[in-house]
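Trainee: coordinates only, no sequence provided:
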């Protein structure tokens, strides 16, 4: 989520925007609690193939989600129970290739920026985006 492009309308606000194809699993932290996501609301930009839908992000790392290789790609999902406070977001990068693609991913909560993955990224590694201050929102 480095230099982002503008996004077209899609209904719900896009919470995560990507410059490159990205494949990941997600974990959210509210202090010592985890935030759950409404998996039925998961969606993403242009899907690379039907084998890599947005819901693959919930596979605990056994599958991954994948978008087309173009600017402005995104992934989003609503939180169960409405608005939540979020301090950090953990993202598991895909295990089998292309680990560098996660660098620059910007994470937003309810349309408010939480942070960006600025370091070089590797496949199969967890990355934590810590919000500068707690952010409240109903989706990522």
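Mentor: Received it, and whenever you're ready, just let me know what you need. Computed from a prediction, not measured in an experiment: that's the story for all the values here.
Trainee: shaky segments in this structure?
Mentor: For the chain, the stretches flagged by pLDDT under 70 are 1-35.
Trainee: what about the strands in it?
Mentor: Remark: strands assigned in the chain by DSSP state E are 16-18, 24-30, 33-34, 43-44, 73-76, 84-93, 106-109, 112-116, 126-137.
Trainee: may I see the buried residues of stretch 47-56?
Mentor: Buried positions in stretch 47-56, judged by neighbour count with 16 or more other CB atoms under 10 Å: 47-48, 52-56. For every residue, glycine as well, the C-beta is placed using N, CA and C.
Trainee: cool, stretch 130-140 as well?
Mentor: 131, 135, 137-140.
Trainee: on that earlier part again, quick one: which of the strands of the chain is nearest residue 62?
Mentor: Counting by CB to CB, residue 62 lies closest to strand 24-30 out of these; the figure is 8.8 Å.
Trainee: burial check on the closest residue to residue 139 other than its chain neighbours, number of neighbours?
Mentor: Distance criterion CB to CB, 6 or more residues apart in numbering; nearest residue to residue 139, sequence neighbours excluded, is residue 78 at 4.5 Å. Other residues near residue 78 come to 20 when the count uses other CB atoms under 10 Å.
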